[in-house]
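>>> What follows is a predicted structure for the sequence shown.
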Amino acid sequence: MKLKQLESELGHLVQFQSPKIELEQYPTGAHIASRMMYMVSQILFSSVSVTNSFFCQAESNFGDICGKSIADLGCGCGTLGVAASLLGASYVIGFDQDLAALDTAQENCRDLEIDMDFVQCDVKSLGLTRISVDTVVMNPPFGTRRKGADMEFLSVALKIARTAIYSLHKSSTRQHVKRAALQDLGAKTAEVLFELRFDLKSLYKFHKKQELDIAVDLWRFTV
């Protein structure tokens with residue numbers, strides 16, 4: 001599937017109807033989700049900066065999506081998991097504690113005739129289970145409402161992934177994320193693949209701007 005087609009498919013997905021600020025629910029837009037997942041499935045870039053349609057020279061192939069088992073942690077309405085399915089994952093499962101979001105994710109899968117499993121749970125509890133997948137993809141809470149929420153997700157991901165984790169984190173936390181992953185959470189490697197712009201729409205009453213453009217890093221962690 002080509003990038004434009006993937007973005008088009010994701011652009012039709014239904015997103016949060018009543019987002020919950022305590023869960024830091026923000027939809028992963030079709031633009032950023034398609035580029036994140038397409039690049040993960042295809043290539044490693046030689047530069048950490050990718051904006052709009054600019055692509056760096058490909059160096060190698062990760063192959064962490066097609067034919068692999070994938071978990072989407074904090075899946076929300078299923079955008080990343082749906083993308084993984086469209087890109088040829090053999091099995092995809094999404095975890096989220098918000099039942100309303102999972103209902104929407106299931107609706108999205110039915111509309112696209114995608115087979116994807118969903119589990120309602122607190123993601124933090126997964127670290128105590130025997131769940132194991134090849135690859136974890138996630139857009140975790142940034143930790144702006146509850147400090148450390150992003151690292152809690154990463155800690156769980158490193159426990160259930162057999163190969164790699166792909167995760168979005170604010171670029172402003174780059175040094176903290178790398179130090180925590182390698183020194184505290186036991187990641188074998190932690191690498192920023194590229195930087196993207198996350199377009200946050202005005203969803204909550206305290207938002208003073210119609211939208212906010214935030215720099216985020218796409219990380220690849222190995223276990």
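Arrived safely, thanks for sending.

>>> Apart from its chain neighbours, what residue comes closest to the most centrally placed residue in the chain?
Central residue of the chain (Cα atoms, centre = their mean): M138, 2.6 Å from the mean position. Nearest non-adjacent residue to M138, counting by Cβ to Cβ, 6 or more residues apart in numbering: L73, 4.2 Å away. Using the backbone N, CA and C atoms, a C-beta is placed for each residue, glycine as well.

>>> Give the bridge partners for that neighbour, please.
F95, M138 (DSSP bridges).

>>> hang on, it packs against T135?
No. Between L73 and T135 no contact is recorded; they are 11.2 Å apart, counting by Cβ atoms under 8 Å.

>>> can you tell me which residues contact I32?
168, 196-199, 216 (Cβ atoms under 8 Å, 6 or more residues apart in numbering).

>>> As a check, name the ranges of all strands in the chain.
44-45, 58-60, 69-73, 91-96, 117-120, 133-138, 161-170, 189-201, 211-222 (DSSP state E).

>>> pLDDT-wise, which helix or strand of the protein ranks last?
Using mean pLDDT, DSSP states H and E, strand 58-60 stands out as the lowest-scoring helix or strand of the chain, at a mean of 31.

>>> State the pLDDT value of the residue nearest to G186 when sequence neighbours are not counted.
Residue nearest to G186 in three dimensions, not counting chain neighbours: L158, with 6.3 Å by Cβ to Cβ, 6+ apart. Per-residue pLDDT puts L158 at 97.

>>> how close does L158 get to W219?
12 Å (Cβ to Cβ, to the nearest Å).

>>> what do those two both touch?
Residues within reach of L158 and of W219 at once, by Cβ under 8 Å, 6+ apart, are 165, 181.

>>> you'd agree A190 is up against H176?
No. Checked against Cβ under 8 Å, the pair A190 and H176 is beyond contact range at 11.2 Å.

>>> out of these two, which sits in the more crowded spot?
More crowded of A190 and H176, by other Cβ atoms under 10 Å: A190, with 20 against 14.

>>> for the closest residue to the more buried one other than its chain neighbours, what are its contacts?
Nearest-residue entry for A190: A181, 4.2 Å, with adjacent residues in sequence omitted and distances by Cβ to Cβ, 6+ apart. Under the criterion of Cβ under 8 Å, 6+ apart, the neighbours of A181 are 154, 158, 187, 190, 219, 221.
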